[in-house]
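K.L.:
Give me coordinates for this.
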Amino acid sequence: MMVNTNCFVPMTDANQNFSKVVRMVDESGMAVILKNNKPRYVIVDFDEYEEVSKIMQLRKQKIEETAEKILADNMEAFLELAK
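P.N.:
Prediction:
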């Protein structure tokens, strides 16, 4: 994942000046909160969050459909292995 390093904010700064974090999100689309100098949290605009949530939900659905198809296609082999 490519992250603009200008979007990094130490946890203490985020705690003390949350409006700075909000401005950063408004200007660049995201802010990354650092904890112990490591990226820990990402703050994004709510519209962006909804979009990512939809993509994750579709991905989960696709994985479940694929797993069900694999099980159905190979049920005989799985039953044989279960003996």
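K.L.:
Can you name the helix or strand that the most centrally placed residue in the chain falls in?
P.N.:
Nearest to the mean C-alpha position of the chain, by CA atoms, centre = their mean, lies residue 52 at 7.1 Å. Here residue 52, judged by DSSP states H and E, is contained in helix 46-73.
K.L.:
Quick check, pLDDT for the residue nearest to the centre of the chain.
P.N.:
Note for residue 52: predicted pLDDT of 91.
K.L.:
Now for it: which residues touch it?
P.N.:
Contacts for residue 52 (CB atoms under 8 Å, 6 or more residues apart in numbering) come out as residue 44. Every residue, glycine included, has its C-beta placed from N, CA and C.
K.L.:
which secondary element of the chain has the worst mean pLDDT?
P.N.:
helix 75-82 (a mean of 90; mean pLDDT, DSSP states H and E).
K.L.:
Tell me where the model's unsure across this structure.
P.N.:
Across the chain, residues meeting the criterion (pLDDT under 70) sit at 1-4.
K.L.:
give me that answer again for 90
P.N.:
For the chain, the stretches flagged by pLDDT under 90 are 1-7, 28-29, 78-80, 82-83.
K.L.:
neighbours around residue 32, how many?
P.N.:
21 (other CB atoms under 10 Å).
K.L.:
do the same with residue 10
P.N.:
13.
K.L.:
Identify the residues contacting it.
P.N.:
By CB under 8 Å, 6+ apart, the residues touching residue 10 are 33, 34, 37.
K.L.:
Weed out the non-buried ones from these.
P.N.:
The neighbour-count test (16 or more other CB atoms under 10 Å) marks 33, 34 as buried among the contacts of residue 10.
K.L.:
Which member of the contacts of residue 10 is positioned nearest residue 76?
P.N.:
Distance ranking of the contacts of residue 10 against residue 76, using CB to CB, places residue 33 first at 51.2 Å.
K.L.:
Specify the local secondary structure of the closest one.
P.N.:
What DSSP: H, G, I helix; E, B strand; the rest coil gives for residue 33 is strand.
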